[in-house]
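*Asks:* Just to be clear, the model below is a prediction. Sequence and coordinates:
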Amino acid sequence: MPDPITGRVRVFGVDDFALHKGHNYGTVLIDIEGHRPIEVLPERSADALADWLSEHPGVEVVGHDCARCYADGGDRGAGTAAHVAGRYHLWKNLGEAVERLVARPRQQWVPPVPEKEKAVPFASASVTYEVSQYGCTLRG
């Protein structure tokens, strides 16, 4: 079946994808309100996005990652459109920031224990434990 004809798109998302990783990238345009892809551009550039937006007036919101080319293309093609960060990219960036924070050495997370509060090891021969229905009692 042929794709349905794309009418006016008010809110759309822009993201890149690899045609050949490290060499060729394309751009996918998604109708956010209609929850469907509307166009695939053969390149990742501000010019390609600006041209597409110029041919499709009425875009009010452009959601994209932090790529400068998409911000420039959105400004040139739909100057009055609001630019927002896509939900996926917000969550992805937050997750990466948390991973970097948690990956730091554990010593930075645990405050040092003052010397007077450190436990003194017991001599194992003189220590006994008494277990009752109320718990465990240390004797010795």
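*Replies:* It's in.

*Asks:* which regions of the chain sit below the pLDDT cut-off?
*Replies:* Filtered on pLDDT under 70, the chain yields the residue ranges 1-6, 105-112, 116-140.

*Asks:* any idea where the helices of it begin and end?
*Replies:* Along the chain, counting by DSSP state H, helices occupy 46-55, 68-77, 87-102.

*Asks:* my read: Asp16 touches Tyr25, true?
*Replies:* Yes. Counting by Cβ atoms under 8 Å, Asp16 touches Tyr25, with 4.9 Å between them. No exception for glycine: its C-beta is placed from N, CA and C like everyone else's.

*Asks:* intersection of neighbour lists for these two?
*Replies:* In terms of Cβ atoms under 8 Å, 6 or more residues apart in numbering, Asp16 and Tyr25 are both contacted by the residues Arg44.

*Asks:* burial measure for the closest residue to Val14 other than its chain neighbours, as a count.
*Replies:* In this structure, Val14 finds its nearest non-sequential neighbour in His64, 4.3 Å apart by Cβ to Cβ, 6 or more residues apart in numbering. His64 has 22 neighbouring residues, counting by other Cβ atoms under 10 Å.
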